[in-house]
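Q: Predicted coordinates and the sequence they were generated for:
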Amino acid sequence: MNRLKITTLLLCLSAVSAVSAQEDAANLSLPRKVSNVEILNLEGKAAKLPCWGEKNLMIFYVDPDHHKQNEEFTYELEKNHRAQSDEIYGFGVMNLKDAPMVPNGMARMMARKRTETNGATVLADQDRTLSRAWELGDCNNQFVLLFVNKAGELVFMRKGQLSEADKEAFYEVLDTYK
């Protein structure tokens, strides 16, 4: 019985290590060329990513089940206007496929109400279109911070709770493209 438990534990650890290695490989392969994708606006109509090729894009790709992950960081970013620049356009994309308990129409409706007051641009990805097209890996239960330059290169990606080192690395990229 103990051998079975140990074997199972080792298999689980191997799987976690493999996923971690894939995530690290995805981050190491930056920058990499990505393409504009068609997802949905909050009315449920097809929409391309805004300002593609015109501005550098700061994108929050968020699982609605974990929308408060990194809330302090996004509040700080908004408060200190660090990302404010004529060269940068920031917006959010809801990763609806990874939030099966939240009906897509309801998520879009709630986002519409919120954007009416804050003026933010939010799009909806119902089928992991962005994640698959850009080979982001597993984005379930994660806040994904992305930065794409005007040339269509993904130059920054971090998933989950951002560490202080992640934030500093992001600010370095941000300052480069202001």
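A: Noted; the coordinates are in hand.

Q: Please count neighbours and contacts with C-alpha atoms only from this point.
A: Noted.

Q: Show me which positions of stretch 166-178 end up buried.
A: Within stretch 166-178, the residues scored as buried using 16 or more other Cα atoms under 10 Å are Asp166, Phe170, Leu174, Tyr177.

Q: Skip the chain neighbours and tell me the closest residue to Asn31.
A: Wrong residue type there; residue 31 is Pro, not Asn. Using Cα to Cα, 6 or more residues apart in numbering and skipping the chain neighbours, the partner closest in space to Pro31 is Val155 (4.3 Å).

Q: Now do the phi/psi pair for that neighbour.
A: Per-residue torsions, Val155: phi -110, psi -10 (degrees, to the nearest 10).

Q: Just the strands from this structure, written as ranges.
A: 32-33, 38-40, 46-48, 56-62, 88-95, 122-125, 143-148, 153-159 (DSSP state E).

Q: relative orientation of the last one and strand 143-148 in degrees?
A: With axes from the mean of the first three to the mean of the last three Cα atoms, to 10 degrees applied, the angle from strand 153-159 to strand 143-148 works out at 170 degrees.

Q: Quick one: residues in contact with stretch 66-83.
A: Residues outside stretch 66-83 that contact it (Cα atoms under 8 Å, 6 or more residues apart in numbering): Asn141, Gln142, Phe143, Gly160, Gln161, Leu162, Leu174, Lys178.

Q: what do you get for stretch 45-63?
A: Stretch 45-63 has contacts (Cα under 8 Å, 6+ apart) with 36-41, 86-96, 98-99, 123, 139-152, 177.

Q: Would you mind checking these for buried ones?
A: 37-41, 88-90, 92-96, 98-99, 123, 139-150, 152, 177.

Q: I figured Ala111 was touching Leu42, is that so?
A: Yes. Under the criterion of Cα atoms under 8 Å, Ala111 makes contact with Leu42 at 7.3 Å.

Q: who touches both of these two?
A: Joint contacts of Ala111 and Leu42 (Cα under 8 Å, 6+ apart) are Val122.

Q: which of these two has more neighbours?
A: Leu42 (22 against 18; other Cα atoms under 10 Å).

Q: if I pick that one, what's in contact with it?
A: Here Leu42 is in contact with Arg108, Met109, Ala111, Arg112, Val122, Leu123, Ala124 (criterion: Cα under 8 Å, 6+ apart).

Q: Show the pLDDT at the fourth one.
A: Same thing as Arg112. Per-residue pLDDT puts Arg112 at 85.

Q: likewise the second one?
A: At Met109, the predicted lDDT confidence score is 86.
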